[in-house]
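> Next comes the sequence, and after it the predicted model I'd like to discuss.
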Amino acid sequence: MQLERILHAQGFGSRKICRSMIRHGEVTVNGEICDFPFTEFEPENLRFTVRGETWEFREKAYLMLNKPAHYECSHKPQHHPSIFSLLPAPLLERGVQSIGRLDEDTTGLLLLSDDGQFIHRMSSPKWKVPKVYEVTTKHPLDETQIATLLSGVQLLDEPAPVAALAAEVVSDHMLHLTLAEGKYHQVKRMLAAVSNRVEALQRIRIGRLNLPADLAEGEWRWLDAEMLEAVSPVRQT
Ligand code: URA
């Protein structure tokens, strides 16, 4: 594949812009400047630098972000900055989208991709990916609340009660709640339905993928093949 096309496919701008960067000596491949835009390279696993920053060719982009509070999961945020402002320009140019949304005040694990099929599968109700939330509550938790969260609560505008897959009490005011769905404000509405209130909410796990302890809030990371496997949904029968 020609270098110009490779850069274009990876989100570095129009082919004209990529051609110009290459001709100006701003691109290196395998440690050497390549200033001929039509040089052919095998794209798989290709490492290149653009203006000093190193990239690896990726057919599709799959990444995770540790979402900070006070960021909105929207391209057109209303009151706070967008999570997309935390990503480098080539990823935005590639059309990376968030897979589901977290509330403005929720922190933690958020997946993003430019693979439409993957996004569709991850978001479809036919395929389930359990998600674990660390919930800090205003009032102490008790056994009745936990039992009710597990047996199901009726939320306004929902046709049937929704139940947590698991609810593990961590302390008086903290639990790990596992949900199969991602309904609007689901954790907050479920806790309100058992007469408690969410004070802080962090998503700590999707499928078998934990939020890495060394991924600081606001930082993002590529998903490797193992991580991708860990978040891939299983079909509900
Ligand atoms: N449930 C909520 O209430 N908010 C979130 O951000 C995610 C799940």
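Great, that's in hand. Numbers count the residues shown, from 1 in each chain.
> ok now do the residue of the chain most remote from its centre, which residues does it touch?
In the chain, the greatest distance from the average C-alpha position (CA atoms, centre = their mean) is reached by Phe36, at 36.3 Å. Residues counted as contacts of Phe36 (CB atoms under 8 Å, 6 or more residues apart in numbering) are Leu3, Ile22. Where C-beta positions appear, they are placed from N, C-alpha and C, glycine not excepted.
> Just the pLDDT at it, thanks.
What the model reports as pLDDT for Phe36 is 97.
> how far away is it from the ligand?
From Phe36 over to the ligand the distance is 49 Å, taken as CB to the nearest ligand atom, to the nearest Å.
> Does that residue belong to a helix, a strand or coil?
Assigned by DSSP: H, G, I helix; E, B strand; the rest coil, the conformation of Phe36 is coil.
> Distance check, it against Arg19.
Applying CB to CB, to the nearest Å, the value for Phe36 to Arg19 is 10 Å.
> Repeat that for Ser123.
In terms of CB to CB, Ser123 sits 37 Å off from Arg19.
> Which one's more surrounded, the two?
Arg19 (19 against 14; other CB atoms under 10 Å).
> so what's the more buried one up against?
Per CB under 8 Å, 6+ apart, neighbours of Arg19: Glu4, Pro37.
> which parts of the protein sit against the ligand?
Neighbours of the ligand within the chain, by CB under 6 Å from any ligand atom: Leu102, Asp103, Thr106, His185, Gln186, Val187, Lys188, Leu201.
> ok, and the closest non-adjacent residue to the last one?
Using CB to CB, 6 or more residues apart in numbering and skipping the chain neighbours, the partner closest in space to Leu201 is Thr106 (4.5 Å).
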